[in-house]
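Chemist: Just to be clear, the model below is a prediction. Sequence and coordinates:
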Amino acid sequence: MAHEEDAETPGGLRRRTAARVLLLDPQGRVLLFHGFDPAEPGRTWWFTPGGGLLPGEQPREAALRELAEETGLTGIELGPEVAVDTARFSYDGRPYEQRQVFYLARAGETAAAGLDSSGSDAEERAQLAEAHWWSAAELRACTEQVYPERLAELLERLLEQGPPVVPVAL
C-alpha cells in the first residue's frame, strides 16, 4: 500500500507523517506489536498500531484505517490526540524521519480478545504476528526496545490524569 511521502531528500531520507493509536483494554493495558526490520531480522522492537497516511488522508482517518487493518477492530472511537513525536529510523535499508501523532482509544473486553490482522498486506502481517497487551509496570520492566520511547511514562500519566489538554511531546 503506497503511503504519502512528504518528501525525499537528496540523501534518500524519506519524510512522512504517521498516525498511531494507543489502544487500551479495560485493564488499562496498551496494545503493542512485535516488529522487525526485514534488512536486519535480528533487530526487533515493540510498537503501537498505526502507520503512514495515504495521499489526501487526514491523521484521524489514517489512525482508524490502520487500526482496522492491523487488528480487525472497527467501530472504535478515537479519543483525543495525546502525544506527538518525530521518529528517525531505518527500515528495510531506507532511512526515515516520521512525524507521528498518537490518539487514545479504548477497546472493550471482547474486542481486546479477538485481534485479526488479515486486513493488512503480507509484509505488514509479518510485523503483526505477535501482539501483547502491556501494563505500565510491564513496560517499565521490559528490556526490549519499545516505541515510542517513554511509553510507560505516557501510559501512567494517561491512566492517572486522563488525556492532556495539549498533546505531550515525546
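Modeler: Nice, thanks for sending it over.

Chemist: which residue packs closest to Pro26, ignoring adjacent ones?
Modeler: Closest residue in space to Pro26, ignoring its immediate chain neighbours: Glu109 at 5.4 Å, by CB to CB, 6 or more residues apart in numbering. Any C-beta I mention is one placed from the backbone N, CA and C, and that applies to glycine too.

Chemist: Please verify my assumption that that neighbour contacts Asp25.
Modeler: Yes: counting by CB atoms under 8 Å, Asp25 is a contact partner of Glu109 at 7.4 Å.

Chemist: These two: which has the busier surroundings?
Modeler: Asp25 (18 against 9; other CB atoms under 10 Å).

Chemist: where's the residue most central in space within the chain relative to Arg60, distance?
Modeler: Geometric centre of the chain, nearest residue: Thr48, 2.7 Å, by CA atoms, centre = their mean. Thr48 is 15 Å from Arg60, where distance means CB to CB, to the nearest Å.

Chemist: tell me the contacts of the closest residue to Leu151 other than its chain neighbours?
Modeler: In space, Leu151 comes closest to Leu139 once its chain neighbours are excluded; the distance is 5.7 Å by CB to CB, 6+ apart. Counting by CB atoms under 8 Å, 6 or more residues apart in numbering, Leu139 touches Val30, Val146, Leu151, Ala152, Leu155.

Chemist: which among the residues you listed gets closest to Arg14?
Modeler: Within the contacts of Leu139, the smallest distance to Arg14 is 22.8 Å, found for Val146 (CB to CB).

Chemist: In which helix or strand does the residue nearest to the closest one when sequence neighbours are not counted reside?
Modeler: Leaving aside its sequence neighbours, Val146 sits nearest to Trp46 (CB to CB, 6+ apart; 4.6 Å). Assigned by DSSP states H and E, Trp46 falls within strand 40-47.
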